[in-house]
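# need a 3D model of the sequence below.
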Amino acid sequence: AVVSTQSTGRECPDGVNTIAHGYIADCDVPLVFTGGNCSISGFSEDGDDKFWTVTGDNVCSLALLDYNQDNINELVVGSEDYEIRVFHSDEMIAEITETESVTCLAAMNGSKFGYALANGTVGVYDRNSRYWRIKSKHQAVSIFS
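Got it, this is the predicted structure:
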């Protein structure tokens, strides 16, 4: 897969399953984040590689939010191994186990974020605590807040 802007393109050898855009710790410019085969990359508007880390399995979803309420965004990552991982820069600061692949994530107010699973479950977490969830026989394709 190739991440492209008007002036440059970048090869993503691990593929691109999902994409997000925004600011994180230790970076003063917004980045385009791509989640692929067990890795996450962050590119500047010039195509420069500014962020890279590994995660436990194929990345299905990404969201940026101020998870720990320190006025700096963390990267929330959903993957095929049923995990939701939270990264402050490239350090994992939290991990939540779910019951199915985490197909969608959406930042909400404060430290809350919405999620959807491959089995049709949708819900909201406030940091590590499940705020609510509902199970459905239909699978969510995308979620927004």
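# what kind of secondary structure is the residue nearest the centre of the chain in?
Centroid check for the chain by C-alpha atoms, centre = their mean gives residue 62 as the closest residue, at 1.7 Å. Under the three-state scheme (DSSP: H, G, I helix; E, B strand; the rest coil), residue 62 adopts strand.
# for residue 117, give me its contacts.
By C-beta atoms under 8 Å, 6 or more residues apart in numbering, residue 117 lies in contact with 98-103. C-beta here means a position set from N, CA and C on the backbone, and glycine is covered the same way.
# hmm, try it at 10 Å
60, 78, 82, 98-104, 123, 133, 135-136, 139-140 (C-beta atoms under 10 Å, 6 or more residues apart in numbering).
# of those, buried ones?
60, 78, 82, 98, 101-104, 123, 140 (16 or more other C-beta atoms under 10 Å).
# and those residues, which is closest to residue 11?
residue 60 (21.3 Å; C-beta to C-beta).
# quick check: the closest one touching residue 76?
No. Using C-beta atoms under 10 Å, residue 60 is not in contact with residue 76, being 11.8 Å away.
# residue 12 against residue 42, yeah?
No. At 11.4 Å, residue 12 does not count as touching residue 42 under the criterion of C-beta under 10 Å.
# who's more crowded, the two?
residue 42 (23 against 17; other C-beta atoms under 10 Å).
# any stretches of this protein with poor pLDDT?
Within the chain, the segments meeting pLDDT under 70 span 1-10.
# what is the residue lying closest to the residue nearest to the centre of the chain once chain neighbours are set aside paired to in the beta sheet?
Spatially, and ignoring its direct neighbours in sequence, residue 62 is nearest to residue 20 (3.9 Å; C-beta to C-beta, 6 or more residues apart in numbering). Bridge pairing for residue 20 (DSSP bridges) gives the partners residue 33.
# hang on, residue 20 packs against residue 74?
No. With contact defined as C-beta under 10 Å, residue 20 does not reach residue 74; the gap is 11.8 Å.
# higher neighbour count, those two?
residue 74 (24 against 21).
# can you pull the phi/psi pair for that one?
phi -110, psi 160 (degrees, to the nearest 10).
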